[in-house]
Structures are given as structure tokens and as C-alpha cells.
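Novice: any chance you could fold what I've pasted below:
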Amino acid sequence: FTPILLPTALELGIDPVHFGILMVVTLSIGFITPPLGVNLFVGSGISGLEMPVLARAVVPFFFVMLFVLAVIIVVPQLTLLFL
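Specialist: Numbers count the residues shown, from 1 in each chain. Purely as a prediction, here's the structure:
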């Protein structure tokens with residue numbers, strides 16, 4: 001999606017580095033979200049746990065990641081601090 005969304009983000013005045021960080025964080029949230037969470041399948045295969053058990057264990061991390069995403073969106077200076 002980056003080649004499609006980046007020109008729009010640049011037109012809206014969003015820094016490309018900030019946009020990249022948003023994309024990575026958003027994709028990592030998608031990787032742990034059932035039913036197509038790829039990382040859940042990998043974790044299930046490695047740990048031997050069933051998918052529903054693993055999905056319930058990931059819920060606290062999901063909410064923390066949503067909070068971090070909201071902070072990154074609201075305060076972009078945090079991600080661009082060292083640039």
C-alpha cells in the first residue's frame with residue numbers, strides 16, 4: 001500500500017519517515033489480529049498452543065499497540081525526535 005498512499009501523505013504534509021513508522025506499526029497490529037494474523041499462525045506452530053488460546057493471550061498486547069499507535073498519530077514529534 002505504500003506506493004499508493006505515500007503520494008497522498010506527502011500532499012497532506014505528512015513526513016515520509018513518520019508515515020513509514022505509522023505503516024510499520026499498523027501492519028504489526030494487523031499481523032496479530034485474528035483471523036488472518038500471520039504471527040498467530042507462526043506462534044501457534046512454534047508453541048504448540050491452539051489458535052484461540054494464543055489469540056486470547058495477545059489481547060493485552062493488542063491494546064498496548066493501539067495506544068502506541070494513537071500516541072504516534074497525535075504526537076508525531078516523538079517519532080521524529082532524532083531527525
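Novice: C-alpha only now, for contacts and for neighbours.
Specialist: Noted.
Novice: what about residue 27, how many neighbours?
Specialist: 12 (other Cα atoms under 10 Å).
Novice: the helices in the protein, which residues?
Specialist: Here the chain has its helices, by DSSP state H, at 2-11, 16-31, 38-47, 51-74.
Novice: next, the buried residues of the helix or strand of the chain with the lowest mean pLDDT.
Specialist: Ranking every helix and strand in the chain by mean pLDDT, DSSP states H and E puts helix 38-47 at the bottom, with a mean of 91. Buried residues in helix 38-47, counted by 16 or more other Cα atoms under 10 Å: 39-41, 43-44.
Novice: same list, these, but as a markdown table with distance to residue 2 please.
Specialist: Converted to a markdown table, those look like this (distance: Cα to Cα, whole Å):
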| residue | distance to residue 2 |
| --- | --- |
| 39 | 21 |
| 40 | 24 |
| 41 | 25 |
| 43 | 27 |
| 44 | 29 |
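Novice: thinking again about what came up before, so which of the helices of the chain is nearest residue 82?
Specialist: Smallest distance to residue 82 across the helices of the chain (Cα to Cα): 11.3 Å, for helix 16-31.
Novice: many thanks, I have nothing further to ask.
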